[in-house]
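Student: got a predicted model here, sequence first, then my questions.
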Amino acid sequence: MSQSLHFFTPSSNITLPKHHSSLFTPSLTTSNRRFPVTTKHFTIKSNASSSSSDPKVLTTDNGTAEILSRVSQTPASSTDSSSIEVDSVTEAELKENGFRSTRRTKLVCTIGPATCGFEQLEALAVGGMNVARINMCHGTREWHRRVIERVRRLNEEKGFAVAIMMDTEGSEIHMGDLSGPPSARAEDGEIWTFTVRAFDSPRPERTITVNYDGFAEDVKVGDELLVDGGMVRFEVIEKIGPDVKCRCTDPGLLLPRANLTFWRDGSLVRERNAMLPTISPKDWLDIDFGITEGVDFIAISFVKSAEVINHLKSYIAARSRDSDIAVIAKIESIDSLKNLEEIILASDGAMVARGDLGAQIPLEQVPSAQQKIVQLCRQLNKPVIVASQLLESMIEYPTPTRAERADALMLSGESAMGQFPDKALTVLRSVSLRIEKWWREEKRHEAMELPDVGSSFAESISEEICNSAAKMANNLEVDALFVYTKTGHMASLLSRCRPDCPIFAFTSTTSVRRRLNLRWGLIPFRLSFSDDMESNLNRTFSLLKARGMIKSGDLVIAVSDVLQSIQVMNVP
Ligand SMILES: Nc1ncnc2c1ncn2[C@@H]1O[C@H](COP(=O)(O)OP(=O)(O)OP(=O)(O)O)[C@@H](O)[C@H]1O
Ligand SMILES: CC(=O)C(=O)O
Ligand SMILES: [K+]
Ligand SMILES: [Mg+2]
């Protein structure tokens, strides 16, 4: 069985199968449509079949049979199975457990001292890491360069497609390094000194440096000082020049470069702080480094408005060869919540950075803020990552995050410096699988409104095709959705629908493939393909069958952005 619908952009002929036109009534009556559509029997023209030199014209019902017979005749041995690239872990997972059990939620791991070695990175990749995050708050550029180089080597040598995300330091107030020890413990009642002095020689005991020159000026005696959003608390008891003496009121671990916020009468103090630029001079140098190294994502800390995102995007466009670095806005401040929609619209994705967000808004408001951000991102078709305190929240909830089907979950300290990075990843992966299965079994297809995001009629067609294809995939219980996509856009539109089956996304560009790694439910493949969908499908079937990733009889829906179309077929 194979049935096919094709949509052509306004400049092309529109040919639709009669018996399926009703499915697409919404797209054909959209208000921005300015030309007539004639509905007639559809036509597939094929001239790219390597086994046949004469172009064949096939028509609806019997045409279907003909495509299938031809596909089944294509010998698997005639194609080179190495000409399709897919993540080796996903491939093994698909072969062993089938389509349904592949994980849809993507996993981001922060790389630190616990995971920066080649074998450690490989263990994370085997454990399901899709994106490696390096945090420019910590470590030297040389250290980060070596991590990037190892991840790239891992991809080349071992067949992974781990993407790299660089996270800027931002210019919020934070502690300096601890001059030696990896961490320090502050006990109840102890007096610690926070200072903006620079020390050449060993600094006095219980002394913490602060990166913000205005610090001593801005705080007042009686203020509460929160380290990392409340992991440790102090009360300001005395100011002596550049030194601020504080008494520990809530003990805990002080980590290098921990974030500092100060509170007065129950509110966050942020007058001066708000004047600090989102992207500091050091951040710009780090961004230059990221562009040179060709990272896949740059995550911007403490974004306050869309303006900074637009500025960065044009900066990248002017400097990066293919300007294919995606900019992720980290939502972790009150200002970012205020300007949420414009920030997300300007960005290529967002991160709910719950560590700092929880330090800026009351902790009990974090879950609702998170839900709002995740929903908005889905509506605007931007990938969204939920970060920080994932495993901690499992103490109370069976799901680590209640992340409302975010695209990706992120490990921070657990993978950067924890003792059990692989275990943390395993827990996150199995919880993701369990919650995804539960969603499917409960048939919890969200009734979420997915508004039109496209600005042109062609884009609206793509959206309607993807919405319909995802719905069809659920109703027909197909095994997989296939999408042939040049820029990744069409794949993202399918991912946004969160269909029950996995989405095989075929793209010819390596960097697009790596970027798609952040999107929910997508299995990105690198494959060069032509404008001829029939030959694309023939080739894909042969290649995937040769690799044991699909088998005859599997039911597939294929969509493509080269020839806006939906096709339903069994693998021959
Ligand atoms: N490259 C690194 N070198 C050393 N330690 C690191 C590195 N990256 C992360 N860490 C450690 O892991 C902890 C958690 O990492 P994470 O990236 O979540 O940073 P963070 O300091 O909490 O800040 P942010 O708000 O930017 O995420 C850090 O506090 C730090 O102690
Ligand atoms: C990830 C991050 O920056 C945060 O949670 O604050
Ligand atoms: K950061
Ligand atoms: Mg943060």
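Tutor: Right, received. Where do you want to start? Ligands and ions are numbered 1, 2, ... in the order given.

Student: from the structure, what's the count of residues near R429?
Tutor: 17 (other C-beta atoms under 10 Å). No exception for glycine: its C-beta is placed from N, CA and C like everyone else's.

Student: can you get me a residue count around the closest residue to it other than its chain neighbours?
Tutor: Closest residue to R429 apart from its sequence neighbours, by C-beta to C-beta, 6 or more residues apart in numbering: G128 at 4.8 Å. G128: 22 surrounding residues under other C-beta under 10 Å.

Student: what's the answer for S535, then?
Tutor: 20.

Student: quick check, it in a helix?
Tutor: Yes. When DSSP: H, G, I helix; E, B strand; the rest coil is applied, S535 is found to be in a helix.

Student: for it, report the pLDDT, please.
Tutor: Per-residue pLDDT puts S535 at 91.

Student: the stretch 151-300 of the chain: helices as residue ranges?
Tutor: 215-218, 281-293 (DSSP state H, counting those that start in this stretch).

Student: nearest to ligand 2, of these?
Tutor: helix 281-293 (13.5 Å; C-beta to the nearest ligand atom).

Student: go ahead and name everything in contact with that closest one.
Tutor: 136, 141, 144-145, 148, 164, 166, 168-171, 279, 298, 312, 315-316, 319-320, 325 (C-beta atoms under 8 Å, 6 or more residues apart in numbering).

Student: can you do 10 Å?
Tutor: For helix 281-293, the external contacting residues (C-beta atoms under 10 Å, 6 or more residues apart in numbering) are 134, 136-137, 141, 144-145, 147-149, 152, 164-171, 211, 277, 279-280, 295-298, 300-301, 312, 315-316, 318-321, 323, 325, 327.

Student: ok, and of those residues, which contact ligand 2?
Tutor: S301 (C-beta under 6 Å from any ligand atom).

Student: how many residues are close by whichever residue of the stretch 401-550 of the chain sits closest to ligand 1?
Tutor: Ranked by C-beta to the nearest ligand atom, the top residue of the stretch 401-550 of the chain for proximity to ligand 1 is S412, at 2.9 Å. Using other C-beta under 10 Å, S412 has 23 other residues around it.

Student: once you drop chain neighbours, what's closest to it?
Tutor: Nearest one to S412, counting by C-beta to C-beta, 6+ apart, is T110 at 4.9 Å.

Student: what sits against V151?
Tutor: V151 neighbours (C-beta under 10 Å, 6+ apart): 111, 116, 118, 121-122, 124-125, 129, 131-132, 134, 160, 162-164, 295.

Student: max pairwise distance over these: which two?
Tutor: Between any two of the contacts of V151, the greatest separation by C-beta to C-beta is 19.5 Å, found for E122 and V295.

Student: relative to R513, how far out is the closest residue to N211 other than its chain neighbours?
Tutor: Distances taken as C-beta to C-beta, 6+ apart put H174 closest to N211, at 5.6 Å, once the chain neighbours are dropped. Look at H174 and R513: by C-beta to C-beta, to the nearest Å, they are 35 Å apart.

Student: who has more neighbours out of those two?
Tutor: Shown here are H174 and R513; by other C-beta under 10 Å, R513 has more neighbours (25 against 21).

Student: Three-state assignment for that one, please.
Tutor: helix.

Student: so how far is ligand 4 from it?
Tutor: The gap separating R513 from ligand 4 is 28 Å, by C-beta to the ion, to the nearest Å.

Student: with V295 instead?
Tutor: 18 Å.

Student: and if you look at A123?
Tutor: 26 Å.

Student: got a pLDDT number for that residue?
Tutor: 97.

Student: for the chain, which residues are neighbours of ligand 4?
Tutor: 332, 353, 355-356 (C-beta under 5 Å from the ion).

Student: picking that back up, OK, contacts around the residue nearest to N211?
Tutor: 137, 209-212, 227-228, 256-261, 356.

Student: the residues of the chain next to ligand 4 into CSV, with extra columns for distance to E341?
Tutor: Shown next, in CSV, are those (distance: C-beta to C-beta, whole Å):
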residue, distance to E341
E332, 17
A353, 18
G355, 23
D356, 20
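
Student: top of those by neighbour count?
Tutor: E332 (28 neighbours).

Student: look up the closest residue to the residue of the chain found nearest ligand 2, ignoring the ones flanking it.
Tutor: As assessed by C-beta to the nearest ligand atom, ligand 2 sits closest to G355 within the chain, at 2.8 Å. What sits nearest to G355 in space, not counting adjacent residues and going by C-beta to C-beta, 6+ apart, is S388, at 3.8 Å.

Student: how about stretch 336-356 as CSV, C-alpha atoms only?
Tutor: Extracted in CSV, the C-alpha atoms of stretch 336-356 (Å, rounded to 0.1, in the frame of the first residue of the first chain):
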residue,chain,number,x,y,z
SER,A,336,14.0,37.3,30.8
LEU,A,337,10.6,36.3,32.1
LYS,A,338,9.2,39.8,31.4
ASN,A,339,10.3,39.7,27.8
LEU,A,340,9.9,36.0,27.3
GLU,A,341,8.0,36.0,24.0
GLU,A,342,10.3,38.4,22.1
ILE,A,343,13.4,36.7,23.4
ILE,A,344,12.2,33.3,22.3
LEU,A,345,11.1,34.6,18.9
ALA,A,346,14.5,36.1,18.3
SER,A,347,16.4,32.9,19.5
ASP,A,348,17.0,29.5,17.9
GLY,A,349,16.0,27.9,21.2
ALA,A,350,15.7,28.4,24.9
MET,A,351,17.0,26.9,28.1
VAL,A,352,15.0,26.9,31.4
ALA,A,353,18.1,27.5,33.6
ARG,A,354,16.4,26.6,36.8
GLY,A,355,19.5,27.0,38.9
ASP,A,356,19.7,30.8,38.6
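
Student: no more questions from me, cheers.
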